[in-house]
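Enquirer: Next input, structure requested:
(chains A, B, C and D)
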Number of protein chains: 2
Amino acid sequence: MLALTKRTEYALIAMCHLARNPASVVSARDMAEQFHVRLPLLMNVLKLLNKNRLLKSTRGASGGYLLAAQPGEITLGRLVAAVEGPVRLVKCAPGAAPRGENCELANSCPVRIPVLRVHHRFEQFMDTISIADLAFDYRYGALETAGTGGGTLGGASLELPLAGNAGLR
Amino acid sequence: MLALTKRTEYALIAMCHLARNPASVVSARDMAEQFHVRLPLLMNVLKLLNKNRLLKSTRGASGGYLLAAQPGEITLGRLVAAVEGPVRLVKCAPGAAPRGENCELANSCPVRIPVLRVHHRFEQFMDTISIADLAFDYRYGALETAGTGGGTLGGASLELPLAGNAGLR
DNA sequence: TTGAAATCGGATTGAATCGATACTATATTA
DNA sequence: TAATATAGTATCGATTCAATCCGATTTCAA
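Expert: Predicted coordinates:
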């Protein structure tokens, strides 16, 4: 179905909240109550984010979490990789293989090169979006007009000339 | 892990082969033998592609498959949707919901709008890549220099100013 | 010193999806 | 009529994900 997991959704909520409240330590309980999400699951996600150095944690009473870097320096790609594992659109993509799982076809694959190129572009896509972009985007009305030039995302920029020799339809 | 399924990989191989051999009907058996993929699984994928009108089939002896449209008109997004179901990065995205599954937070979600915007951009990303782009891209050496201006994909174009008011880090 | 609050590290269970296979029906050609 | 090929559906095992639970560790404050 090609969807983000609930872990990523929870991570986005938490990271964006921390981005909006810098210099204040926020506990998992606080966030769970404020956003009406389940505490145990949120804690699992926060553990993953901390383990992968996207958050700093302080234990004990009045403990909680802080962003480990500036919101503009943490990308969606890093966030997803932290809670879902490394992004690998295809098994032949470089990066940590889940189970030594490589493509059976390898060099004989007739679409390997262009698909790897798509994978590379997708990585760029994910790493171009920062937590700051998500946390500080309040332009609610922009969605309907997106793609036609309106809104914060409307400004072109995603045309993808995948294969110049193919005559970009 | 955010990966494409094997069904998509098989679909890409088949669709690209058909794009490269227009005006000739190709059977599932032929493609399975030529590309060393398992015939039953390939047939399952071809059934899905046919059911979703991405290719035309003719039964009987000397039957097989044909693309249902020009390679430049069939996008990666449509292909993935045909074999994996509609692409919905997040559950709150519009489109066929798998099981009436909508976001519990709905309007109270603090990241809903920007995330929906990312979803929309991702849809554009998938629909900008055509089968023709993948089938006729033979520039093997371009991968290493992609992102710096070389290769068929290197030409910028994927900068994503998600939130202009956030100061694009 | 004690207790409460909070994170940390696993381990486990159930549901959903995916890979893989099998079987029957239908259509076309020779 | 026989062989070939697709169409539709159904099933089983493996993997992943959501959800839960447990005990351990750290910190603050009474």
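Enquirer: what does chain A put close to DNA strand D?
Expert: A:5-7, A:38, A:40-41, A:44, A:58-63, A:84-85, A:98-99 (Cβ under 7 Å from any atom of the strand). For every residue, glycine as well, the C-beta is placed using N, CA and C.
Enquirer: host element of the spatially closest residue to residue A:80 that is not a sequence neighbour?
Expert: Leaving out its chain neighbours, the residue that sits closest to residue A:80 by Cβ to Cβ, 6 or more residues apart in numbering or on different chains is residue A:8, at 5.5 Å. According to DSSP states H and E, residue A:8 maps onto helix A:6-20.
Enquirer: and if you look at residue A:95?
Expert: Short version, using DSSP H and E: residue A:95 is in no helix or strand.
Enquirer: Now do the contacts for it.
Expert: A:86, A:87, A:88 (Cβ atoms under 8 Å, 6 or more residues apart in numbering or on different chains).
Enquirer: Give me the buried entries from these.
Expert: A:86, A:87, A:88 (16 or more other Cβ atoms under 10 Å in any protein chain shown).
Enquirer: Could you look up the SS state of the first one?
Expert: Secondary structure assignment for residue A:86 (DSSP: H, G, I helix; E, B strand; the rest coil): coil.
Enquirer: what's the burial count for residue A:36?
Expert: Close neighbours of residue A:36, defined as other Cβ atoms under 10 Å in any protein chain shown, add up to 10.
Enquirer: try residue A:91
Expert: Residue A:91 has 17 nearby residues by other Cβ under 10 Å.
Enquirer: Likewise for residue A:68?
Expert: Residue A:68 has 16 neighbours, counted by other Cβ under 10 Å.
Enquirer: How about residue A:62?
Expert: Residue A:62 has 7 nearby residues by other Cβ under 10 Å.
Enquirer: I'd say it and residue A:25 touch.
Expert: Yes - counting by Cβ atoms under 8 Å, residue A:25 is a contact partner of residue A:62 at 7.3 Å.
Enquirer: Which residue, other than its chain neighbours, is closest to the residue nearest the centre of chain A?
Expert: Central residue of chain A (Cα atoms, centre = their mean): residue A:76, 2.6 Å from the mean position. Take residue A:76 and drop its neighbours on the chain: the residue closest to it by Cβ to Cβ, 6+ apart is residue A:129, 4.2 Å away.
Enquirer: where in chain A is pLDDT low?
Expert: For chain A, the stretches with pLDDT under 70 are A:96-101, A:138-169.
Enquirer: Around DNA strand C, pick out the residues from it.
Expert: For chain A, the contact set with DNA strand C under Cβ under 7 Å from any atom of the strand comprises A:1, A:27-29, A:43-44, A:46-47, A:50-51, A:57-65.
Enquirer: Apply 10 Å and report the result again.
Expert: Applying Cβ under 10 Å from any atom of the strand, one finds that chain A approaches DNA strand C through A:1-3, A:14, A:25-32, A:39-40, A:42-44, A:46-51, A:55-65, A:91, A:104.
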